[in-house]
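Asks: Below are the sequence and a predicted model; questions follow.
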Amino acid sequence: MHCPFCRHPDSRVVDSRTSDDGATIRRRRQCPHCSRRFSTSETASLSVLKRSGVSEPFSRAKVISGVRKACQGRPVSDDQLAMLAQRVEESIRSSGLAEIAGDQVGLSILQPLQELDLVAYLRFASVYRGFESLEDFEAAIARLRAEMPQDGDPAAESSV
Ligand SMILES: [Zn+2]
């Protein structure tokens with residue numbers, strides 16, 4: 001890492017600390033040539049390979065903007081979107097891969113979004129999975145129904 005002031009090709013680490021979430025390490029460095037100090041931050045690289053063949057850094061902001069569209073008009077807060085993006089990043093990072101396909105990001109969004117809001121989930125899944133007919137929606141809804149926890153007493157319900 002060269003010095004950003006004098007371009008000296010070497011620098012010395014004088015301090016390093018891990019961010020609160022543990023995802024980033026910040027280092028204070030000092031240039032042995034001009035003695036000035038600067039900071040660097042280090043994050044495990046994670047990039048997304050798009051269908052176009054272009055690779056770009058994974059971005060929680062992009063996950064959020066994609067999901068936000070599906071959540072329009074739904075009772076989903078910014079905090080919940082931020083939590084969802086964090087879960088998506090964690091599940092992707094847990095694969096241990098440095099580069100993943102864009103489709104994999106969409107797949108990792110489906111599960112946490114299903115837990116957050118079913119309508120938003122169906123909207124997102126319909127775009128992501130390319131639903132083309134009512135049958136596609138019906139199949140997805142049938143699967144959601146099958147996965148729903150059976151709460152409430154059916155006997156009590158029928159007596160109403
Ligand atoms: Zn320097």
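Replies: It's in.
Asks: Now do the contacts for residue 81.
Replies: Contacts for residue 81 (Cβ atoms under 8 Å, 6 or more residues apart in numbering) come out as 64, 67, 68, 71. Backbone N, C-alpha and C define where each C-beta goes, glycine included.
Asks: which residues are contacting stretch 115-122?
Replies: Here stretch 115-122 makes contact (Cβ under 8 Å, 6+ apart) with 67, 70-71, 74-76, 80, 84, 110, 113-114, 137, 140-141, 144.
Asks: if we take the residues you listed, which one ends up nearest to residue 11?
Replies: Nearest to residue 11 among the contacts of stretch 115-122 is residue 84, at 38.2 Å by Cβ to Cβ.
Asks: Secondary structure element for that closest one, which one?
Replies: Using DSSP states H and E, residue 84 maps to helix 78-93.
Asks: now swap in residue 25 and tell me
Replies: strand 24-30.
Asks: pLDDT (mean, whole number) over that strand?
Replies: For strand 24-30, mean pLDDT is 91.
Asks: near the ion, which residues of this structure show up?
Replies: Within reach of the ion by Cβ under 5 Å from the ion, the chain has these residues: 3, 5, 6, 8, 31, 33, 34.
Asks: which of those count as buried?
Replies: Neighbour-count burial (16 or more other Cβ atoms under 10 Å) applied to those gives 3, 31.
Asks: Relative to residue 47, which of the residues of the chain next to the ion is nearest.
Replies: Residue 47 lies nearest to residue 3 out of the residues of the chain next to the ion, by Cβ to Cβ, at 27.3 Å.
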